[in-house]
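Q: Need a 3D model of the following:
(one chain, ligands or ions: 2)
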Amino acid sequence: MQTRIVSIQQGLIEAVELIKNGDIVVFPTETVYGLGANAFDGGAVRKIFEAKGRPMDNPLIAHIADISWIDKLAVDVSDCAKAVMNEFMPGPITVILKRSKDVPDEVTAGLDSVGIRFPSHPVARQFIMACGVPLAAPSANTSTKISPTSAQHVFEDMQGRVPLILQGGACEVGIESTIVDMTADIPTILRPGAITQDMLARVLGKVKNYDGQIIVAKAPGMKYKHYAPSCEMVVATSAESASEEYIRQNKKGLATVILAKRDYLEGIDGVFDLIDLGESDEDAMRNIYAAMHEAQNKYDYIVCQDFGQDGLGASIMNRINKASGGKRI
Ligand code: AMP
Ligand code: MG
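A: Ligands and ions are numbered 1, 2, ... in the order given. The predicted structure follows:
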């Protein structure tokens, strides 16, 4: 078998065709290069093990191109697992979830769980999306060899064992994904990676690390978006940027409102929908949640004043930053 390295522009149609015919293709991800096959085709997945010389009792990770694909692979997905996926996907993390019956044993090595990853590399995303099915993939190296972080690494190791390698340049992360088992009582890191135990603890409250230690978040839920209104919200660093953003969003057809203290828009020309937070920071603190409630019921988009970090300003901003997910303009 001849092995070729091709760009996604040159090779996409051929690569998708190979996957549809139950064959294997190497594709780049932000962690390492992967050796992929249709995750729902047990026969195709077996070719991965043959090409790698990998023992069949070592499970593979299913790679998806959209969060909604989780439903094809997993069942009983907990809120904690959803929070982790929302926070870190697409990115260098694999979550272990309870498998759906549609996932063949070749992928899971007969376990009742399945590893799922949503890579961020644009070539991986484009390729998997075009295939229209999740791709089961381990690293694209022969068993016991070093994981490849360039197309050339793959070529040197796997020449003659795989028909096609999609070129994606050097992998930005460079080590395999963090694996976190979300089926355990306490979410457990099975393999450390670029998403660290502290990052996971911040979302989950606590997590068992690779050494079996329980890591508790310094401030639980710090990164979690609490108190969030149901519509989008941004913080404007000045009254001018607030009015500009207001006009921009209105032009897009979004009903927009500014949340600010009474004097905020003084000196700015124009008529704006405004929810008045009062005169002082104390007023604003008292009114902020009510204003968010009112705004989310009537509007599509909220622009909020920046209260700074002095005195009560810092306390108000703590809540506003959570509501806005830290978005500033
Ligand atoms: P690789 O990235 O080539 O090392 O292959 C994927 C790795 O993911 C496996 O070696 C396992 O360590 C891990 N993995 C995949 N699925 C599961 C699962 N259901 N439970 C635990 N670990 C898994
Ligand atoms: Mg590997």
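Q: now the strands: where do they sit in the stretch 1-150 of the chain?
A: Assigned by DSSP state E, counting those that start in this stretch, the stretch 1-150 of the chain shows strands spanning 4-6, 25-27, 34-38, 61-63, 74-75, 93-99, 113-117, 135-137.
Q: pretty sure Ser113 contacts Val103?
A: No: counting by Cβ atoms under 8 Å, Ser113 sits too far from Val103 to count as a contact (9.6 Å). All C-beta atoms are positioned from the backbone trio N, CA, C, and that covers glycine.
Q: Name the residue in the two with the higher neighbour count.
A: Val103 (24 against 18; other Cβ atoms under 10 Å).
Q: Give me the pLDDT for that one.
A: Val103 carries a pLDDT score of 98 in this model.
Q: My guess is it contacts Ala39. True?
A: Yes: the pair Val103 and Ala39 passes the contact test of Cβ under 8 Å, sitting 6.7 Å apart.
Q: Quick check: neighbours shared by these two?
A: Ala62, Leu73 (Cβ atoms under 8 Å, 6 or more residues apart in numbering).
Q: For Tyr224, give me the pLDDT.
A: Value listed for Tyr224 in the pLDDT field: 47.
Q: Apologies, that question was intended for Val45.
A: 98.
Q: That one is in contact with Thr108, isn't it?
A: No: Val45 lies out of contact with Thr108 (Cβ under 8 Å); the separation is 10.0 Å.
Q: which residues does the closest residue to Gly270 other than its chain neighbours contact?
A: Counting by Cβ to Cβ, 6 or more residues apart in numbering, Ser243 is the residue found nearest to Gly270 once chain neighbours are left out, at 6.0 Å. Neighbour list for Ser243: Ile258, Leu265, Ile268, Gly270, Phe272 [criterion: Cβ under 8 Å, 6+ apart].
Q: one more time with 7 Å, if that's ok
A: Leu265, Ile268, Gly270, Phe272 (Cβ atoms under 7 Å, 6 or more residues apart in numbering).
Q: and the third one, which of the three is it?
A: For Gly270, the assignment made with DSSP: H, G, I helix; E, B strand; the rest coil gives coil.
Q: Report the separation between it and ligand 1.
A: 55 Å (Cβ to the nearest ligand atom, to the nearest Å).
Q: for Leu277, same thing?
A: 50 Å.
Q: buried stuff in stretch 204-219?
A: Leu204, Gly205, Val207, Lys208, Asn209, Ile215, Ala217 (16 or more other Cβ atoms under 10 Å).
Q: what residues are up against the last one?
A: This points to Ala217. Ala201, Arg202, Gly205, Lys206.
Q: mind giving me a markdown table with these and columns for distance to Ile189?
A: A markdown table is the format used below for the contacts of Ala217 (distance: Cβ to Cβ, whole Å):
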| residue | distance to Ile189 |
| --- | --- |
| Ala201 | 10 |
| Arg202 | 14 |
| Gly205 | 14 |
| Lys206 | 12 |
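Q: Could you list which of the residues you listed belong to helices?
A: Ala201, Arg202 (DSSP state H).
Q: Now for the contacts of Ala217: which two are most distant?
A: Arg202 and Lys206 (10.3 Å; Cβ to Cβ).
Q: so where is this protein shaky, pLDDT-wise?
A: Within the chain, the segments meeting pLDDT under 70 span 218-228.
Q: what packs against the lengthiest helix in it?
A: Longest helix of the chain, by residue count under DSSP H: helix 281-298. On a contact count with 3 or more Cβ pairs under 7 Å, 6 or more residues apart in numbering; DSSP states H and E, helix 281-298 meets strand 256-260, strand 274-276, helix 312-324.
Q: how far away is Gln122 from Leu35?
A: That one is not Gln; residue 122 is Pro. Distance, Pro122 to Leu35, using Cβ to Cβ, to the nearest Å: 19 Å.
Q: Who has more neighbours out of the two?
A: Neighbours of Pro122 and Leu35, each counted by other Cβ under 10 Å, are more numerous for Leu35; the result is 29 against 13.
Q: wait, doesn't the more buried one sit right on Ile48?
A: Yes: if you go by Cβ atoms under 7 Å, Leu35 and Ile48 touch, sitting 5.5 Å apart.
Q: overlap in contacts of these two?
A: Ile24, Pro138.
Q: burial measure for the residue nearest to Gly22 when sequence neighbours are not counted, as a count.
A: Leaving aside its chain neighbours, Gly22 sits nearest to Ala44 (4.1 Å; criterion: Cβ to Cβ, 6+ apart). Close neighbours of Ala44, defined as other Cβ under 10 Å, add up to 24.
Q: leaving aside the residues next to it on the chain, what's closest to Asp276?
A: Using Cβ to Cβ, 6+ apart, the closest residue to Asp276 is Arg262 (5.5 Å).
Q: how much space between that neighbour and ligand 1?
A: In terms of Cβ to the nearest ligand atom, Arg262 sits 57 Å off from ligand 1.
Q: just Ile116 next, same as before
A: Ile116 is 9 Å from ligand 1, by Cβ to the nearest ligand atom.
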